[in-house]
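Chemist: Okay, predicted coordinates and the sequence, questions at the end:
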Amino acid sequence: MPEESNAVLTGPVQVVGTGLIGTSVALACRRAGLEVLLSDVVPDHVRTATGLGAGRPATPEDRPQLVVVAVPPDHLAEGVRDALAAAPDAIVTDVGSVKMAPLDALADQPGRERYVGSHPMAGSERSGPLAASENLFDGRPWAVTPGPGALPAGVRLVELLAEVCGGVVIRLRPDEHDRAVARTSHVPHLVSALVAGTLTGASADHLALSGQGVRDVTRIAGGDPDLYSQIISGNAAAVTALLGELRDRLDLALEAVRDGDRAGLSSLLAHGVAGTRAIPGKHGGPPRPTAAVRVAVPDHPGELARLFADAGDSGVNIEDVRIDHDPGRPFGLVELDVAAESVGELLGALESRGWAAHR
């Protein structure tokens, strides 16, 4: 194994598990000209991925330089263990969303030093190889999480994989990673599911009042329950600790609302506002002050394209877009987020072209 500074990703790269993430890794590696070997317990997935140009089926004679295990969380440790045994000269990584559990399960595994965990922060509501894209990871954070004793050259090889796939490498300890994703992914998903669950069985009259707020809060609750139960259970320690903190704040909220403690409630809400401002802004930079311009858009083909063209002609950069569809309106309300100082300029440009727009 070469020194870390001399590590070069030359392939072959074997991808174990040709679902959305695995096939996307394979396609990105093929884009870079690397030879890719494909394997999956579902032969049809390998055939589909092969047909997409993601690589060729792996054979027992193959000698991969790097093995990427892209299987469901419940099978991750087993997949890494099998890969270490089957490819004794290869570095093995995985793309699972929990890092301590597989590392602990491999504590006594021969060749454990060749395992370097990783986690690309990208995905889709779709699944399977047909949902894959060679561009899935472009510009996305990719955590690389070496455990104690991991070979430095192996760590570098996994970082090179992330870069080849278009990802932005973030090196973290496995326990740091798990705490981070509990805070930014796993607990938000649980909270979203709990809020969405309160809508079950609600009367039609209540649901008719649904606006963009409830859609925003509950959007991620639509993920696959089986998959997310595996992910969250695999990160039990970090999720449990954070849920404890959240429960304490929920208790404070209950007391403030029950007792009419306006100052206490305001403090909790202000704490939430501070949290939204802590989220990195566009391109990872600090958040910029923005404001929304709301535009009524007829609900038929071509209108969004016309709006975006007119907004583009104004010279104002659109930072974000949301569309709100209410049952009582025959049009959508499009919110265009722009730099706060550009609101007046965009409003004037759109109104001059006949759009009904307001702040």
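Modeler: Great, that's in hand. Numbering: from 1, shown residues only.
Chemist: Break down the protein into its strands, ranges please.
Modeler: 13-16, 36-39, 56-57, 66-69, 91-94, 117-120, 141-145, 168-171, 290-298, 320-324, 331-339, 357-358 (DSSP state E).
Chemist: Would you format these as TSV with distance to N6 included?
Modeler: In short, each C-beta sits where N, CA and C put it, glycine included. Shown next, in TSV, are these (distance: least, CB to CB, whole Å):
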stretch	distance to N6
strand 13-16	19
strand 36-39	23
strand 56-57	28
strand 66-69	15
strand 91-94	14
strand 117-120	20
strand 141-145	18
strand 168-171	18
strand 290-298	46
strand 320-324	43
strand 331-339	46
strand 357-358	58
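Chemist: would CSV of those strands with mean neighbour count and distance to G272 be doable?
Modeler: Shown next, in CSV, are these (neighbours: other CB atoms under 10 Å; distance: least, CB to CB, whole Å):
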stretch, mean neighbour count, distance to G272
strand 13-16, 28, 41
strand 36-39, 24, 45
strand 56-57, 14, 50
strand 66-69, 26, 38
strand 91-94, 29, 34
strand 117-120, 26, 27
strand 141-145, 22, 24
strand 168-171, 16, 26
strand 290-298, 18, 18
strand 320-324, 14, 19
strand 331-339, 19, 19
strand 357-358, 16, 26
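Chemist: Next one: the residue nearest to V257 when sequence neighbours are not counted relative to G348, how far apart?
Modeler: Nearest non-adjacent residue to V257, counting by CB to CB, 6 or more residues apart in numbering: L265, 6.4 Å away. To G348, L265 is 39 Å away according to CB to CB, to the nearest Å.
Chemist: The two: which has the busier surroundings?
Modeler: L265 (16 against 11; other CB atoms under 10 Å).
Chemist: hang on, isn't that one packed against R258?
Modeler: No: counting by CB atoms under 8 Å, L265 does not reach R258; the two are 10.4 Å apart.
Chemist: quick one: contacts for R63?
Modeler: Listed by CB atoms under 8 Å, 6 or more residues apart in numbering, the contact set of R63 reads 12, 87, 89-90.
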